[in-house]
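Visitor: Predicted model, plus sequence, below.
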Amino acid sequence: MKILNYFDSECPEHWLRQIGRSDWSAARLLERLLRGGTFRSRMGETSRLLLLTEGDSLLAFCTYAERDEIPDPALKPWCGFVYTYPEACGKRRAGKLLEHVYALAKADGYPCVYISTNEVGLYEKYGCTFWKHMATDSGERSRVYRLPIETRDYGGIIGQRVSGTVDRPMGSAHPDRADMIYPINYGYVDGLMAGDGEEQDVYLLGTDRPLRRFTGEVIGVLHRLNDCEDKWIVSVDGSRPPREEILEAIAFQEQYYMGELYT
């Protein structure tokens, strides 16, 4: 899966046609804004349309915008037009877009992201909290959520040497999901309790064989934005892969969560 900015994509007409096949009324409005060249005049000059893609298929999309349907210039940025196609539902694909929006907002120095919606119980799954009801530009009542931006300090964790047990070795299946096969070793630090009340989970890098025990250095922490625990990244051979390689290695499981990698 890849996330593209519609305005930087090589084939915007292809993605526009994909947006047009949605039966959601807001998607048809989005298509009209794009075809009419009025997207940025309405949403803001720096606004983006984010596309979650897999090959030539569009799985989900959303906007990262200066403005949305709430007419309050003091509130920004907004995540809007959030839509997941039926064939991609049930896999928390919208969460990967929100994760990307979170990273953009953090890089832009914002304290939070706003979402205007009538959905109840959806955005709470992605770490958002209901803020208050507000009137839209058409006079309707909407629920406004906020996704807070945070910065954590893992300086006391990264660089530690830890030892533990591998309870899900490379090549084994997830105990509750037989279709999820672990491409890397996964285990826990013996005796160290995490936020979920269980021993601290770790992803193990730097080996191509199944392990039963491990000793290594913590080279990163994956902070889940919509969960109560962090995942530590441990190198057992002293190597320090780049961020992109770490994220790719743990995506088999973390694709279902929102997270931020600290290294």
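Guide: In hand now; what should we look at? Values in this document were obtained by computation on a predicted structure and should not be read as measured data.

Visitor: which residues touch the closest residue to E199 other than its chain neighbours?
Guide: Using CB to CB, 6 or more residues apart in numbering and skipping residues adjacent in sequence, the residue nearest E199 is Y188, 4.0 Å away. Glycine gets a C-beta too; all of them are placed from N, C-alpha and C. For Y188, the contacting residues are G164, T165, D167, E198, E199, Q200, D201, V202, by CB atoms under 8 Å, 6 or more residues apart in numbering.

Visitor: out of those residues, who's nearest L58?
Guide: The shortest distance between L58 and any of the contacts of Y188, using CB to CB, involves D201 and amounts to 32.9 Å.

Visitor: what comes into contact with the helix or strand hosting that closest one?
Guide: Assignment of secondary structure by DSSP states H and E places D201 within strand 199-205. Defining contact as CB under 8 Å, 6+ apart, one finds that strand 199-205 is touched by 162, 164, 166, 184-194, 211, 214, 216, 218-219, 222, 229-236, 239, 241, 246, 249-250.

Visitor: Closest one of the contacts of Y188 to D137?
Guide: Within the contacts of Y188, proximity to D137 (CB to CB) peaks at D201, which comes in at 45.1 Å.

Visitor: could you check the distance from that closest one over to V218?
Guide: 12 Å (CB to CB, to the nearest Å).

Visitor: Quickly list what's touching both of the two.
Guide: Counting by CB under 8 Å, 6+ apart, the residues touching both D201 and V218 are W232.

Visitor: how's this protein carved up into domains?
Guide: Residue ranges for each domain of the chain read 2-148, 161-262, as given by automatic domain parsing.
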